[in-house]
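Student: Provided below for reference: sequence and predicted model.
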Amino acid sequence: MTIQIPDDIAHSLERVAAAQQKSVEQVALDGLRSLCGRATSPEALLRALRKLPHPSSEAVDDLEAAIAAARLPVRDEGAFDRWPPE
């Protein structure tokens, strides 16, 4: 099948293809598949998340350490309950 498209769209496809290091045909097919697939928002989100690289165990440990270091102590009183103010 041959599809006639305007030159400006063809040039845009060429730029996108070059940036993604894909052929123009592959970029066009990917776009058409995404339109025809009619994925719901949750499905599209899951597909995007599955494409992300998995973090290393070291990165997870660093994140957990940063979260633990940033925790504030729990107090029974609010800032306005203390008198005189600190």
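Tutor: That came through, no problem. Residues are numbered from 1 along each chain as shown.
Student: low pLDDT regions in this structure?
Tutor: Flagging of the chain using pLDDT under 70 yields the residue ranges 37-40, 79, 83-86.
Student: how about the helices of it, start to end?
Tutor: Using DSSP state H, the helices assigned to the chain run over residues 7-20, 24-37, 41-51, 57-69.
Student: redo the ones you listed as JSON lines? Include distance to Phe80 and mean neighbour count.
Tutor: No exception for glycine: its C-beta is placed from N, CA and C like everyone else's. What follows is the helices of the chain, written out as JSON lines (distance: least, CB to CB, whole Å; neighbours: other CB atoms under 10 Å):
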{"stretch": "helix 7-20", "distance to Phe80": "54", "mean neighbour count": "12"}
{"stretch": "helix 24-37", "distance to Phe80": "53", "mean neighbour count": "12"}
{"stretch": "helix 41-51", "distance to Phe80": "41", "mean neighbour count": "9"}
{"stretch": "helix 57-69", "distance to Phe80": "27", "mean neighbour count": "10"}
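Student: nearest to Met1, of those?
Tutor: When these are compared for distance to Met1 using CB to CB, the nearest one is helix 24-37, at 11.2 Å.
Student: what is the closest one packed up against?
Tutor: Contacts defined by 3 or more CB pairs under 8 Å, 6 or more residues apart in numbering; DSSP states H and E place helix 24-37 against helix 7-20.
Student: and the angle from the helix it packs on to helix 24-37?
Tutor: Between the axes of helix 7-20 and helix 24-37, defined by axes from the mean of the first three to the mean of the last three CA atoms, to 10 degrees, the angle is 100 degrees.
Student: by contact count, what packs against helix 7-20?
Tutor: Packing contacts for helix 7-20, counted by 3+ CB pairs under 8 Å, 6+ apart, involve helix 24-37.
Student: what's the distance between the helix it packs on and the middle of its chain?
Tutor: For helix 24-37, the gap between its own C-alpha mean and the chain's C-alpha mean amounts to 20 Å (CA atoms, centre = their mean, to the nearest Å).
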